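Student: next come a sequence and a model predicted from it.
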Amino acid sequence: MFIQILWIVFFVSLAIQLFYLLILFGRFAFFYKKKTEKPSIEKEPVTVVIAAHNERSNLKKIIPLLFQQDYPNFDVMVINDRSYDGTKKVLEQLMAIYPKLRTVTVNYTPNHVTSKKYALTLGIKVAKNDVLLLTDADCRPKTDKWIELMTAPVRLKGKDFALGFSQYESQTGLLNKWIQIETLWTAIQYFSFALWKSPFMGVGRNLCYRRSFFMAKKAFKGLWDIECGDDDLFVNLHANSSNVAVVVDPDSIIYSVPKSTWEEYFIQKKRHFHAGKYYTTGNKQKVGWYAFSHFLFWITGLVLLIFSVIQQNWEQILVIMGIIIIRSMLITSLFRLSRKKLEGNIKVLFAPVFDVMYIGYFWILGSLGYLSKKVKWK
């Protein structure tokens, strides 16, 4: 009876997995095609917004890159959030070089709000233009078409949100390879659900919306006391089936500086997982059903495999191994084609290994982040 229940759970979890991999995520990976659109004549002005806390060295790099963008009408707003590393002096020097660079200085954060949301709100309130494109100080656009591509859905199609992809720079080492593929997996999820008219998050390193929309929603109302989530929780709260577009183009992506130690990475991801506890119930279920069926698939499959080996039931061994191999091939194809669409690169290493390791990563680190009472931005 116990073995029969295991087989039932194994096949039910497999069916749920195939639904996600082939239908939900597969729509993006296997079937999505970027629409060819004519270059727009309208070039509505844009403000690039960066909240920076002790980012002196990174601002020296990103500001010159931003002003190389091939877009005729934009400025850059940097919110200097309580920095004490010489950021203010660097910004003054850069403003002398780039007249369209503007800054706001935050000297303190009120007790009832969190630092980054407060900084962003002050900067957005005084932004010169209505179309806002958000990123971070440690980022860099891949091409000079970033502003035009990322803002197009908001400028030209009336969307409230444009969700972009932000990958991390490629470096040597196991940590960087993990960061790269985990970031790609996260993007596959939120891009796929957005294409199914069921968006649930975005990333603030590459996110566009209007200042008027932000102010109409009373900034981060309902989110002020949550340290994280100025991006994904804001999207989660206000995105719907008709007001979100995804920007799928290798020329639209942003590269960020990855964490260099496992400790730094775990702290960062703990903060990201912490935001998940504030998602709506429906949005939690979107990710939860996949994660739970993923866990059951591997656990029941492993137990059944062990029993089959003990009983020397070679037919069952072949069935289980065949299903695992086919699913691993599907996962690899999903990652390869998704990466090609997002980055123009089909190289994906160790996707099946990542798939297995992700179980422990999600349930252990995710639980720690979800159950934590407080996290910090900087």
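Tutor: On my side now, so go ahead.
Student: which stretches in the stretch 151-300 of the chain count as strands?
Tutor: For the stretch 151-300 of the chain, applying DSSP state E, counting those that start in this stretch gives strands covering 161-163, 166-168, 207-210, 244-246, 254-256.
Student: before we move on, what about the stretch 1-150 of the chain?
Tutor: Assigned by DSSP E, counting those that start in this stretch, the stretch 1-150 of the chain shows strands spanning 46-52, 74-81, 101-106, 131-135, 139-141.
Student: helices and strands around the first one, which ones?
Tutor: The reference is to strand 46-52. The contact analysis (3 or more C-beta pairs under 8 Å, 6 or more residues apart in numbering; DSSP states H and E) places strand 46-52 against helix 56-66, strand 74-81, helix 115-125, strand 131-135, helix 146-157. For every residue, glycine as well, the C-beta is placed using N, CA and C.
Student: between those, which one is nearest to F191?
Tutor: helix 146-157 (13.2 Å; C-beta to C-beta).
Student: in that closest one, what's buried?
Tutor: W146, I147, E148, L149, M150, T151, A152, P153, V154, R155 (16 or more other C-beta atoms under 10 Å).
Student: and for stretch 277-294?
Tutor: Neighbour-count burial for stretch 277-294 [16+ other C-beta under 10 Å]: Y278, Y279, N283, K284, K286, V287, Y290, S293, H294.
Student: from these, which land in helices?
Tutor: N283, K284, K286, V287, Y290, S293, H294 (DSSP state H).
Student: now render these as TSV, adding pLDDT and distance to W363.
Tutor: TSV is the format used below for these (pLDDT from 0 to 100; distance: C-beta to C-beta, whole Å):
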residue	pLDDT	distance to W363
N283	82	18
K284	83	14
K286	85	17
V287	85	12
Y290	93	13
S293	95	13
H294	95	10
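Student: with distance to S192 added, can I get the residues you listed in TSV?
Tutor: Output for these, formatted as TSV (distance: C-beta to C-beta, whole Å):
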residue	distance to S192
N283	13
K284	16
K286	10
V287	11
Y290	10
S293	16
H294	15
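Student: which one of these is nearest P72?
Tutor: Of these, the one sitting nearest to P72 (C-beta to C-beta) turns out to be N283, at 37.9 Å.
Student: circling back: least reliable of the helices and strands packed on strand 46-52 going by mean pLDDT?
Tutor: Among these, helix 115-125 carries the lowest mean pLDDT, a mean of 89.
Student: how far does it sit from the chain's center?
Tutor: Its chain's C-alpha centre and that of helix 115-125 lie 20 Å apart, by C-alpha atoms, centre = their mean, to the nearest Å.
Student: could I get the buried residue list for it?
Tutor: S115, K116, K117, Y118, A119, L120, T121, L122, G123, I124.
Student: measure the nearest residue to D249 once chain neighbours are set aside to T143 for me?
Tutor: Sequence neighbours aside, L149 is the residue nearest to D249 in space, at 5.4 Å (criterion: C-beta to C-beta, 6 or more residues apart in numbering). L149 is 8 Å from T143, where distance means C-beta to C-beta, to the nearest Å.
Student: find residues that contact each of these two.
Tutor: Taking C-beta atoms under 8 Å, 6 or more residues apart in numbering as the contact rule, L149 and T143 both touch D251, S252.
Student: one step back: distance to E42 and mean neighbour count added to the strands of the stretch 151-300 of the chain, as JSON lines?
Tutor: Shown next, in JSON lines, are the strands of the stretch 151-300 of the chain (distance: least, C-beta to C-beta, whole Å; neighbours: other C-beta atoms under 10 Å):
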{"stretch": "strand 161-163", "distance to E42": "15", "mean neighbour count": "25"}
{"stretch": "strand 166-168", "distance to E42": "26", "mean neighbour count": "21"}
{"stretch": "strand 207-210", "distance to E42": "15", "mean neighbour count": "26"}
{"stretch": "strand 244-246", "distance to E42": "16", "mean neighbour count": "24"}
{"stretch": "strand 254-256", "distance to E42": "24", "mean neighbour count": "20"}
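Student: can you list those strands in TSV and add distance to P99?
Tutor: Formatted as TSV, the strands of the stretch 151-300 of the chain follow (distance: least, C-beta to C-beta, whole Å):
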stretch	distance to P99
strand 161-163	27
strand 166-168	28
strand 207-210	23
strand 244-246	32
strand 254-256	24
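Student: out of those strands, nearest to R339?
Tutor: strand 166-168 (9.0 Å).
Student: report the spatially nearest residue to V90, omitting neighbours in sequence.
Tutor: R56 is the one closest to V90 (C-beta to C-beta, 6+ apart), at 5.1 Å.
Student: where do the helices of the protein begin and end?
Tutor: Here the chain has its helices, by DSSP H, at 2-18, 25-26, 56-66, 87-97, 115-125, 146-157, 174-195, 211-216, 232-238, 262-276, 281-311, 314-343, 351-360, 366-371.
Student: by mean pLDDT, show me the worst of those.
Tutor: helix 366-371 (a mean of 72).
Student: on that earlier part again, indicate which one of the helices and strands packed on strand 46-52 is closest to K218.
Tutor: The nearest among the helices and strands packed on strand 46-52, by C-beta to C-beta, is helix 115-125 at 9.8 Å.
Student: which residues sit against the closest one?
Tutor: 49, 51, 53, 77-79, 81-82, 104, 106, 109-110, 132, 134, 211, 214-215, 219-220, 223-224, 227, 230, 377-378.
Student: can you go through those residues and name the buried ones?
Tutor: 49, 51, 53, 77-79, 81-82, 104, 106, 132, 134, 211, 214, 219-220, 223, 227, 230.
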